[in-house]
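Peer 1: Need a 3D model of the following:
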Amino acid sequence: MPVPYIRHAMLDDEETLGRLDRVTWSPLHSVQPRPQPPYEPFFNERFGPRDHLVAELDGTVVGYIRLAFPTPLACNSHVRQIQGLVVADEARGAGVARALLRAAQDEARRRGARRLTLRVLGHNTPARKLYESEGFVVEGILPEEFLIEGEYVDDVFMGRSL
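Peer 2: Okay, here's the model as predicted:
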C-alpha cells in the first residue's frame, strides 16, 4: 500500500477539498447539517490554504487536516487546534488520518505551538481511538452538548503537549 504524501494546501485545491468535505459528511463527526447547494467556498476569510495540510495517494487528494488557533487571544497563541480531519472513504485504512495527524503535530511545533487540542464527538469511537494512540488525552467532556439526528451526543475535548 502506498504511503500518503502530505503537503500544504494550495488555492488550486479549493474545488477538490470542497467536494471531499461534502462527500465525506457524516453525523458521526459533523454538528452541521448536510451541505446543500449552493455550496459555501472551502477557503474563506477564516481558513485559507495556509491552515490546511493535504494528503495524497498516487497523486490524488484523499484527505486534509485543518490546523487553527483556538481563539484570537494573544495569551492563547501557544496552542493550535485541529478543526477538521477528513479522509476519503476509498483511502480509509491506508494510514492517511494518522499521517495527517502526525504532520499537523510537526507543523504546530514549527509554528511555535506548545499544545495541540481538538474536539471530537463522543460517539466517534474510531477517531477517539486514533487520537488516543497519538498521545491525546481527554481533558474535558460536555455531556449531551449536541442533539444529532435525535440523539444527544457528548462534546469531548482532547489535547496533548508538543
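
Peer 1: can we go C-alpha only for contacts and neighbour counts from here?
Peer 2: OK.

Peer 1: In contact with Leu130, which residues?
Peer 2: Going by C-alpha atoms under 8 Å, 6 or more residues apart in numbering, Leu130 touches Arg98.

Peer 1: host element of it?
Peer 2: Here Leu130 sits within helix 125-133, counting by DSSP states H and E.

Peer 1: buried residues in the helix or strand that that helix is followed by?
Peer 2: Downstream of helix 125-133, the first helix or strand assigned by DSSP H and E is strand 137-148. Buried residues in strand 137-148, defined by neighbour count with 16 or more other C-alpha atoms under 10 Å: Val137, Val138, Ile141, Phe146.

Peer 1: likewise stretch 28-35?
Peer 2: Across stretch 28-35, burial judged by 16+ other C-alpha under 10 Å covers Leu28, His29.

Peer 1: Please state the mean pLDDT value computed over that stretch.
Peer 2: The average pLDDT within stretch 28-35 is 93.

Peer 1: Over to stretch 101-116?
Peer 2: Stretch 101-116 shows a mean pLDDT of 98 in the predicted model.

Peer 1: got the buried residues for it?
Peer 2: Using 16+ other C-alpha under 10 Å as the test for burial, stretch 101-116 gives Leu101, Ala103, Ala104, Gln105, Glu107, Ala108, Arg109, Ala113, Arg114, Arg115, Leu116.
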